[in-house]
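[1] the following comprises the amino acid sequence and a computationally predicted model.
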Number of protein chains: 2
Amino acid sequence: MADVTGPLEKLTDMFRRLDGVGRKTAQRLAFCVLNFTDTEAEEFADAILSVKRDLMLCECCQNISSEKICPVCSSETRNKSLICVVEDPRAVIAIENTGHYTGTYHVLHGAISPMKGVSPDQLKIRELLARLNSSEVSEVILATNPTVEGEATAMYLSKLISPLGIKVSRIANGVPIGGDLEYADEVTLRRAIEGRYEI
Amino acid sequence: MADVTGPLEKLTDMFRRLDGVGRKTAQRLAFCVLNFTDTEAEEFADAILSVKRDLMLCECCQNISSEKICPVCSSETRNKSLICVVEDPRAVIAIENTGHYTGTYHVLHGAISPMKGVSPDQLKIRELLARLNSSEVSEVILATNPTVEGEATAMYLSKLISPLGIKVSRIANGVPIGGDLEYADEVTLRRAIEGRYEI
């Protein structure tokens, strides 16, 4: 079938390079593209090239941005003395979607992981410290993921930032809203009980 | 966030147009592309344009092909008197992967579905009848999917082809190899019993 499906196989191969896409899914997606109109296919190809061409990292918060300074960092209404540290740009989108956070961000682009060979100097920690030194920051919220790597990174950063006299906080752990206690894991439940608040 | 992620949102939107890709998955895939190298991104964009540019339908079997007549139809070793009728090119790949079928194919590009507004004249049935009239065909295997639409299409074709004096067969239904009888649905199990063979 090599001859029949050369271009399709190539596209299937490209889809397989995306995280979490297996052989069958990649093939299905490639066939979807085959059913696209010519215009759609061109739009798709353009969109791929555009994310590589038109996006850069914000010089301040290191989030992906189409400008040198991202809209959050350049906004006059955001609280510059509050920095929420996250692992990746997706976390920024998630927090922005809550519509309740008015501070700024700092994107580390990963978490410390000896297993995956990610050391602190491969993350945007130097840039974070530079920000803390150059501007008035009153609180740093550590919003790295509640995983082993995320917790280790939060611990590492807290030890680094606390001596600077800046308040350091960590996002709360607990049972997710809409979740069922029966299905919460032991660690989450323990944290939920430890973190209980008076009503 | 519109400004920050313009190109990313555009790419997310393109991924969402693929079957079975929701908002979260589309966003995840778009971020994967962001981590591609420039070369990979160009390869990906090229691959998308290539499937639209370089592929056509084989004039004989209507399968997708990079040539006017696909390698299966132009092969001298394939049994031209045997035609396996399938709904789409993916079924051809699946059957080719078994490595046991030596006949040719005919791709309908869909199945009759009054619900989805697909009538027989929107499928490649005219082309199939033309093939049956112009060449010596001894058997047509109806390998449309074992769904309501696929069965209806098979029934329709069988009524159309039988009067031509050509043998018409349907692929067998039964429990899949490696499957568990406990989890087989009633219809499949009934068909498996009806279709039992002596050993």
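    Done, it's in.
[2] wait, A:Met14 sits on B:Ala47?
    Yes: under the criterion of Cβ atoms under 8 Å, A:Met14 is in contact with B:Ala47, at a separation of 4.8 Å. For every residue, glycine as well, the C-beta is placed using N, CA and C.
[3] show me where chain A has helices.
    For chain A, the helices defined by DSSP state H cover A:6-16, A:23-34, A:38-54, A:71-74, A:89-98, A:125-134, A:148-161, A:186-194.
[4] got TSV for those helices, with mean pLDDT too?
    Below are the helices of chain A laid out as TSV (pLDDT from 0 to 100):
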stretch	mean pLDDT
helix A:6-16	90
helix A:23-34	91
helix A:38-54	92
helix A:71-74	94
helix A:89-98	88
helix A:125-134	94
helix A:148-161	93
helix A:186-194	81
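[5] burial-wise, tell me which of the ones you listed comes out on top.
    Of all these, helix A:6-16 carries the top mean neighbour count, a mean of 21, counting by mean count of other Cβ atoms under 10 Å in any protein chain shown.
[6] now the angle from that one to helix B:23-34?
    100 degrees (axes from the mean of the first three to the mean of the last three Cα atoms, to 10 degrees).
[7] quick one: is helix A:6-16 near chain B?
    Yes: shown here: helix A:6-16 in contact with chain B (Cβ under 8 Å from any Cβ of the partner chain) through A:6-8, A:10-11, A:13-14.
[8] reformat the residues you listed as a markdown table; add distance to B:Arg78.
    Shown next, in a markdown table, are the residues of helix A:6-16 next to chain B (distance: Cβ to Cβ, whole Å):
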| residue | distance to B:Arg78 |
| --- | --- |
| A:Gly6 | 19 |
| A:Pro7 | 23 |
| A:Leu8 | 21 |
| A:Lys10 | 25 |
| A:Leu11 | 26 |
| A:Asp13 | 27 |
| A:Met14 | 30 |
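[9] B:Ser138: which of the residues you listed is nearest?
    A:Leu8 (31.0 Å; Cβ to Cβ).
[10] tell me which residues touch the spatially most central residue of chain A, please.
    Chain A has A:Asp88 as the residue nearest its centroid, 2.1 Å off, counting by Cα atoms, centre = their mean. By Cβ atoms under 8 Å, 6 or more residues apart in numbering or on different chains, the contact list for A:Asp88 reads A:107-110, B:31.
[11] and A:Asp54, by the same measure?
    With Cβ under 8 Å, 6+ apart, A:Asp54 has these contacts: A:66, B:6-7.
[12] repeat that for 10 Å
    Taking Cβ atoms under 10 Å, 6 or more residues apart in numbering or on different chains, we find A:Asp54 in contact with A:65-67, B:6-8, B:10.
[13] tell me the bridge partners for the closest residue to A:Leu82 other than its chain neighbours.
    Computed as Cβ to Cβ, 6 or more residues apart in numbering or on different chains, the closest residue to A:Leu82 that is not its neighbour in sequence is A:Gly103, at 3.0 Å. Note on A:Gly103: beta-bridge partners by DSSP bridges are A:Asn79.
[14] quick check: A:Gly103 touching A:Val86?
    No: between A:Gly103 and A:Val86 there is no contact under Cβ atoms under 10 Å: 11.7 Å.
[15] could the helices of chain A be laid out in TSV, adding distance to B:Val92?
    Below are the helices of chain A laid out as TSV (distance: least, Cβ to Cβ, whole Å):
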stretch	distance to B:Val92
helix A:6-16	12
helix A:23-34	12
helix A:38-54	22
helix A:71-74	49
helix A:89-98	38
helix A:125-134	53
helix A:148-161	45
helix A:186-194	48
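[16] for these, which one sits closest to B:Arg190?
    helix A:23-34 (28.4 Å).
[17] check which helices and strands the closest one sits against.
    For helix A:23-34, the helices and strands in contact under the criterion 3 or more Cβ pairs under 10 Å, 6 or more residues apart in numbering or on different chains; DSSP states H and E are helix A:6-16, helix A:38-54, helix B:6-16, helix B:38-54, helix B:89-98.
[18] dump the ones you listed to TSV, plus distance to B:Thr188.
    Below are the helices and strands packed on helix A:23-34 laid out as TSV (distance: least, Cβ to Cβ, whole Å):
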stretch	distance to B:Thr188
helix A:6-16	30
helix A:38-54	37
helix B:6-16	34
helix B:38-54	35
helix B:89-98	18
